[in-house]
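Novice: All I have is the shape, not the residue letters:
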């Protein structure tokens, strides 16, 4: 994809006043342990927790409601808008999911902000050469914002979509009756079958993509797909949304509750005396507690039954107690 051009290491120091940014391989299992699906990616280490530059590096991310709204449009009548559930129609309403592979590598860097990274050790030139980035790389500060600008320009200027005013990751095409939301590199869209065919073709002409199952009312349409690690099902009278079960299983394991039994109430309110007798949690366990609390907060977006319990747990993230 022409992500970089090799340059002498000395050039990085002369241009930026510092050496090339270090890199590392990150291996992630995108599936389950039984059926692993590993992704290995070379990542730059420019994003640091103790960045004192004063710059803000921000790329908008749609709220979960954006995806839910797209799914809702597949089955909801709003004013003059009526979804087409005729299973034989070529314009029947469907749900499309498209994943852009190696998305950040499609966004060109700004020459006014030169960025150099180290070459991986597998490269025979890594000892005396570095990489001048021509395209954004995972782990660099401008990568997410660069990709957001890239796909937004493609949808608006090339394909004729209108960008959302309250959520810049949501797009609509009034003539083709398509509504789309983009979460990172995942495009989730609702619209007529023929128009979604057009959209997927156009995106595929520009990027390397993976097209997920097309949900819809037709006999040949898929009835289940995975969107943002949630299971989406097209049922005869509704669309079902199931939480990411892997996160639930990890949370249960982290809390040592694998063999425990459920209770009828979401929690037990501690008395005043109980709170007075509480002691600060061992510092070695505080990170684990905060990680589990954050995971619970994430899961609670899809699990209404866990809202109260997860909210109560998060109250103690700043100062965990035993």
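Specialist: Thanks, I have the structure now. Keep in mind that what you see is a predicted model, and the values were worked out from it rather than measured.
Novice: doesn't residue 233 fall inside a helix?
Specialist: No: assigned with DSSP: H, G, I helix; E, B strand; the rest coil, residue 233 falls outside any helix and is strand.
Novice: For the nearest residue to it once chain neighbours are set aside, what is the enclosing helix or strand?
Specialist: Nearest residue to residue 233, sequence neighbours excluded (C-beta to C-beta, 6 or more residues apart in numbering): residue 240, at 4.1 Å. C-beta: built from backbone N, CA, C; applies to glycine. Applying DSSP states H and E as the criterion places residue 240 in strand 238-242.
Novice: And the helices in the stretch 101-250 of the chain?
Specialist: 143-153, 193-206, 245-254 (DSSP state H, counting those that start in this stretch).
Novice: got the buried residues for whichever helix or strand comes after the shortest one?
Specialist: Elements were assigned by DSSP H and E; along the chain past helix 245-254, the next helix or strand is helix 272-276. Counting neighbours by 16 or more other C-beta atoms under 10 Å, one finds that helix 272-276 has no buried residues.
Novice: where does residue 292 fall, phi/psi-wise?
Specialist: phi -70, psi -40 (degrees, to the nearest 10).
Novice: Could you measure from the closest residue to it other than its chain neighbours over to residue 302?
Specialist: Among residues not flanking residue 292 along the chain, residue 254 sits closest, at 4.7 Å (C-beta to C-beta, 6+ apart). Distance from residue 254 to residue 302, counting by C-beta to C-beta, to the nearest Å: 18 Å.
Novice: just residue 15 next, same as before
Specialist: 47 Å.
Novice: now residue 112
Specialist: Relative to residue 302, and taking C-beta to C-beta, residue 112 is found at 42 Å.
Novice: the more surrounded of these two?
Specialist: residue 302 (17 against 5; other C-beta atoms under 10 Å).
Novice: count of neighbours near the spatially closest residue to that one that is not a sequence neighbour?
Specialist: Sequence neighbours aside, residue 243 is the residue nearest to residue 302 in space, at 3.6 Å (criterion: C-beta to C-beta, 6+ apart). Using other C-beta under 10 Å, residue 243 has 17 neighbouring residues.
Novice: For residue 243, give me its contacts.
Specialist: 230, 299, 302-303 (C-beta atoms under 8 Å, 6 or more residues apart in numbering).
Novice: Output the lowest mean pLDDT helix or strand found in this structure.
Specialist: helix 272-276 (a mean of 83; mean pLDDT, DSSP states H and E).
Novice: From residue 146, how far off is the residue of the chain most remote from its centre?
Specialist: Most distant from the centre of the chain: residue 273, at 43.3 Å, with distances by C-alpha atoms, centre = their mean. As for residue 273, its distance to residue 146 is 55 Å (criterion: C-beta to C-beta).
Novice: do the same with residue 114
Specialist: Taken as C-beta to C-beta, the span from residue 114 to residue 146 is 14 Å.
Novice: confidence score at residue 52?
Specialist: We have a pLDDT of 55 for residue 52.
Novice: ok, now which ones touch the closest residue to residue 36 other than its chain neighbours?
Specialist: Once flanking residues are discounted, residue 36 sits nearest to residue 29: 5.1 Å by C-beta to C-beta, 6+ apart. Residue 29 sits next to 36-38 when contact means C-beta under 8 Å, 6+ apart.
Novice: Between those, which sits nearest residue 22?
Specialist: residue 38 (22.5 Å; C-beta to C-beta).
Novice: quick one, phi psi at the closest one?
Specialist: phi -90, psi 140.
Novice: repeat for residue 282
Specialist: phi -50, psi 130.
Novice: just checking, residue 12 is part of a strand?
Specialist: No: applying three-state DSSP, one finds residue 12 to be helix, outside a strand.
Novice: Please report the distance of the closest residue to it other than its chain neighbours from residue 307.
Specialist: Spatial nearest neighbour of residue 12, chain neighbours left out: residue 116 (3.7 Å); criterion: C-beta to C-beta, 6+ apart. Distance, residue 116 to residue 307, using C-beta to C-beta: 46 Å.
Novice: In terms of neighbours, single out the busier of those two.
Specialist: Comparing residue 116 with residue 307 by neighbour count (other C-beta under 10 Å), the higher total belongs to residue 116, at 21 against 13.
Novice: Tell me the pLDDT of that one.
Specialist: 96.
Novice: what pLDDT does the residue nearest to residue 292 get?
Specialist: Looking at residue 254, the pLDDT reads 88.
Novice: What's the local residue count around it?
Specialist: That count, for residue 254 with other C-beta under 10 Å as the rule, works out to 15.
Novice: can you pull the contacts of it?
Specialist: 288, 291-292, 295.
Novice: now, which of these sits nearest residue 184?
Specialist: The shortest gap between residue 184 and any of the contacts of residue 254 belongs to residue 295, at 18.9 Å (C-beta to C-beta).
Novice: ok, that closest one to residue 313 distance?
Specialist: Taking C-beta to C-beta, one finds residue 295 at 10 Å from residue 313.
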